[in-house]
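Enquirer: model the structure of this input:
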Amino acid sequence: MASHRKPRTRMLTVPANRRTAAGLTTAALASVTLLTQTADAAPKKPQPSIEEVKKKVDGLYRQAEVATQKYNAAKERSATQREKVDELRDAAARRTEKMNEARRELGTFASAQYRSGGLSPTAQLMLARDPQQFVDRNHLMARLSGRQQEAVADYQDQQAQAARKRAQATKGLEELQKSQDALKTAKQDVQGKLTEARQLLSRLTAQEKARLAELERKKEAEAKRKAEKLAREQAEREREQNAGSGGADGGSGSGTGTGSGTGLPDGSYSTKAEKALAFARAQLGKPYVWGATGPTSYDCSGLTQAAWKAAGVSLPRTTWDQVKIGTRVATKDLQPGDLVFFYDDISHVGMYIGGGKMIHAPKPGASVREESIYYMPIYGSVRPA
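Expert: Take a look at the predicted model:
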């Protein structure tokens with residue numbers, strides 16, 4: 001009799017090691033999914049506003065200008081120190097030659113005495129390891145003639161002076177190395193700040209760049225408005241001075257945060273200022289390059305230095321030194337040719353041309369141009385001659 005039972009299904013046996021691998025795979029996939037979900041759920045860092053980007057870029061340019069002034073100062077120190085080292089080396093060489101001449105004269109005496117018999121005191125001196133110890137032996141010095149004693153004294157003097165000059169030259173080289181190290185550090189700092197600023201600007205979209213340009217236009221318009229106000233005030237003051245004194249020089253004035261100074265400058269200053277301004281105007285359109293002093297490019301203090309040099313007035317290289325020369329002048333008393341300095345760290349300078357405006361070398365990527373003195377916060381002003 002045939003059986004009606006269904007045939008038993010044979011169970012498929014899976015090896016234990018395969019079951020373990022499958023479990024690990026499943027767990028890994030679950031972990032990846034969980035991490036992905038967590039990452040998607042994490043809040044993204046908000047993008048900076050265009051105003052924040054502008055503030056950051058302006059700050060980097062300002063820091064670069066500070067570093068540029070440090071570079072200029074280090075470069076000037078390095079050049080001065082190199083000249084000093086060269087002079088010291090020349091002086092040491094001259095002293096060494098004089099010492100050798102004195103040595104040769106001593107040698108002449110020693111040879112003559114040797115030919116006459118015996119090893120003379122002069123020869124003993126020449127052969128001694130320490131001539132000073134030999135000279136200290138008074139009983140030997142007494143045996144030398146007057147001319148020989150003069151020769152010994154001259155040799156010792158030249159030897160001492162040559163040693164001093166060599167020591168000074170060595171110290172000068174050490175100072176030169178320090179100046180060159182400072183120069184290298186300042187250069188790297190400038191380049192780093194400018195690179196960071198360029199990278200920030202390069203990441204802006206076309207819409208963001210348009211928004212940034214609009215912010216610049218608003219800033220320029222406000223600065224222009226303030227310049228026009230100053231121009232009106234200065235014109236009114238000049239009319240009052242001419243009416244009250246028949247064109248004589250005005251008195252003194254002062255301004256908040258900008259120092260105190262004189263009214264109208266004398267004729268000799270005006271003549272020099274015209275020459276300096278003529279030079280500055282001839283540089284309009286030339287590019288700003290940090291550390292440059294012309295003739296094809298300038299930084300801010302390089303331009304003011306070159307302009308006043310054309311008028312026969314020597315200015316220091318950096319803004320920090322230029323602000324110390326001449327006479328402090330209030331903003332309301334500014335006259336063409338005066339130097340206007342900006343920011344609390346005095347990292348920028350321009351030359352006043354009248355009407356509340358200046359000529360200056362602004363920043364990397366820009367050219368020498370005319371601009372309102374109110375485009376940046378004013379630190380103070382000086383009349384350099």
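Enquirer: pLDDT weak spots in the stretch 51-200 of the chain?
Expert: For the stretch 51-200 of the chain, residues meeting the criterion pLDDT under 70 lie at 105-106, 109-149, 151-152.
Enquirer: all helices of it, in order?
Expert: Applying DSSP state H, counting those that start in this stretch to the stretch 51-200 of the chain gives helices spanning 121-127, 131-135, 138-141, 146-202.
Enquirer: where do the strands sit along the stretch 251-385 of the chain?
Expert: 253-254, 260-261, 327-329, 339-342, 348-354, 357-360, 369-372, 378-383 (DSSP state E, counting those that start in this stretch).
Enquirer: give me the mean pLDDT for the first one.
Expert: Spelled out, that is strand 253-254. Across strand 253-254, pLDDT averages out at 36.
Enquirer: next: stretch 348-356.
Expert: Rounded mean pLDDT across stretch 348-356 is 97.
Enquirer: then stretch 210-221?
Expert: Stretch 210-221 comes out at a mean pLDDT of 92.
Enquirer: contact partners of that stretch?
Expert: Residues from elsewhere that reach stretch 210-221 (Cβ atoms under 8 Å, 6 or more residues apart in numbering): 50, 51, 53, 54, 204, 371, 372, 375. Placement of C-beta: from N, CA and C, glycine included.
Enquirer: tell me which residues in that stretch are buried?
Expert: 211, 212, 219 (16 or more other Cβ atoms under 10 Å).
Enquirer: ok, so what distance separates the second one from residue 326?
Expert: Taken as Cβ to Cβ, to the nearest Å, the spacing of residue 212 relative to residue 326 amounts to 37 Å.
Enquirer: who touches residue 183 in this structure?
Expert: Counted by Cβ under 8 Å, 6+ apart, residue 183 has contacts 71, 74, 75, 78.
Enquirer: distance to residue 198 and neighbour count added to the residues you listed, as CSV?
Expert: As requested, the contacts of residue 183 are exported to CSV (distance: Cβ to Cβ, whole Å; neighbours: other Cβ atoms under 10 Å):
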residue, distance to residue 198, neighbour count
71, 18, 24
74, 24, 21
75, 23, 20
78, 28, 19
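Enquirer: and which of those residues is nearest residue 285?
Expert: residue 71 (24.2 Å; Cβ to Cβ).
Enquirer: nearest residue to the closest one other than its sequence neighbours?
Expert: Of all residues not flanking residue 71 in the chain, residue 186 sits nearest, at 3.8 Å (Cβ to Cβ, 6 or more residues apart in numbering).
Enquirer: residue contacts, the one you found?
Expert: 67, 68, 70, 71, 74.
Enquirer: with respect to residue 337, which of the residues you listed is nearest?
Expert: Closest to residue 337, out of all of the contacts of residue 186 and judged by Cβ to Cβ, is residue 68, at 23.5 Å.
Enquirer: the nearest residue to the closest one once chain neighbours are set aside: neighbour count?
Expert: Spatial nearest neighbour of residue 68, chain neighbours left out: residue 290 (4.3 Å); criterion: Cβ to Cβ, 6+ apart. Using other Cβ atoms under 10 Å, the number of residues around residue 290 comes to 25.
Enquirer: got the contact list for stretch 49-61?
Expert: 48, 193-194, 196-197, 200-201, 204, 208, 211-212, 215-216, 363-364.
Enquirer: no no, stretch 227-239
Expert: Against stretch 227-239 from outside (Cβ under 8 Å, 6+ apart): 250, 264, 331, 332, 334, 354, 355, 356, 357, 372, 373, 374.
Enquirer: look at residue 39 and report its pLDDT.
Expert: 47.
Enquirer: in stretch 162-180, which residues are buried?
Expert: 162, 165, 166, 168, 169, 172, 176, 179, 180.
Enquirer: may I ask you to confirm that the fourth one is in contact with residue 87?
Expert: No: using Cβ atoms under 8 Å, residue 168 and residue 87 do not qualify as a contacting pair, with a distance of 9.7 Å.
Enquirer: circling back: the contacts of stretch 210-221, buried ones only, as a ChimeraX selection?
Expert: One line in ChimeraX is enough to select the buried ones among those; burial here means 16+ other Cβ under 10 Å:
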select :50,53,54,371,372,375
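Enquirer: closest to residue 95 out of the contacts of stretch 210-221?
Expert: The closest of the contacts of stretch 210-221, once distances to residue 95 are taken by Cβ to Cβ, is residue 371, at 55.6 Å.
Enquirer: which strand residues bridge the closest one?
Expert: With DSSP bridges applied, residue 371 shows beta-bridge pairing to residue 358.
Enquirer: just checking, it touches residue 362?
Expert: Yes: the pair residue 371 / residue 362 is scored as a contact, 7.1 Å apart, by Cβ under 8 Å.
Enquirer: list the contacts of residue 89.
Expert: Counting by Cβ under 8 Å, 6+ apart, the residues that residue 89 touches are residue 169.
Enquirer: ok, it to residue 170 distance?
Expert: 10 Å.
Enquirer: count the neighbours of residue 354 for me.
Expert: Neighbours of residue 354 (other Cβ under 10 Å): 16.
Enquirer: contact partners for it?
Expert: By Cβ under 8 Å, 6+ apart, the neighbours of residue 354 are 231, 234, 335, 336.
Enquirer: skipping its backbone neighbours, what lies nearest the last one in space?
Expert: Once flanking residues are discounted, residue 336 sits nearest to residue 354: 4.9 Å by Cβ to Cβ, 6+ apart.
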